[in-house]
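1. Here is a sequence with its predicted model. Questions after.
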Amino acid sequence: MYSQKMMDHFSNPRNVGEIPDADGIGSEGNPVCGDMMKIFIKVEDGKITDAKFKTFGCGAAIAVSSMITEMAKGKTIDEALSITKESVAEALDGLPAQKQHCSNLGADALHKAIADYKSKHSA
Ligand code: FES
């Protein structure tokens, strides 16, 4: 049911934690399952140099958080905005149909963190 990649990111999640002096923070929750995700980003010269997450949620939500923070690191904020729920699900070698909303949570939390960064750093 779950891919090996998804199980790897669930069992051994990357980038768990907070960035105390984050440049952008995005939170997203799903009222149906009650899961919550918070993503922190650090930005230097328009590039995401670090990303971390805190997720209270299902295994797929944790794997998505781990993968999406890995994908965001090293990208410009515009490149990171093009990360979608589809691209993160694809990077995990797919998610079961009933777990598609978990990838949505990750993409929305990342996009909110970028919007937060932009609102604080607009010239
Ligand atoms: Fe809701 Fe996974 S079951 S985020």
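-> Cool, got the structure.
2. In the chain, where's the longest helix?
-> Within the chain, and with DSSP state H defining each element, the longest helix by residue count is helix 100-121.
3. Contact distance from the ligand - what residues of the chain qualify?
-> Applying C-beta under 6 Å from any ligand atom, we find that the chain lies next to the ligand at 30, 33, 35, 57-58, 60-61, 99, 101-102, 105. In this view, the C-beta of every residue, glycine as well, is placed from N, C-alpha and C.
4. does the residue nearest to residue 4 when sequence neighbours are not counted count as helix, strand or coil?
-> In space, and not counting its chain neighbours, residue 4 is closest to residue 93: 7.3 Å by C-beta to C-beta, 6 or more residues apart in numbering. Under DSSP: H, G, I helix; E, B strand; the rest coil, residue 93 falls in the coil class.
5. Against residue 7, how distant is residue 93?
-> 10 Å (C-beta to C-beta, to the nearest Å).
6. Who has more neighbours out of the two?
-> Set side by side, residue 93 and residue 7 show more neighbours around residue 7, with 14 against 11, by other C-beta atoms under 10 Å.
7. before we move on, which element is that one in?
-> Per DSSP states H and E, residue 7 falls inside helix 4-11.
8. One more: residue 48?
-> Assigned by DSSP H and E, residue 48 belongs to strand 47-56.
9. Great, nothing more from me.
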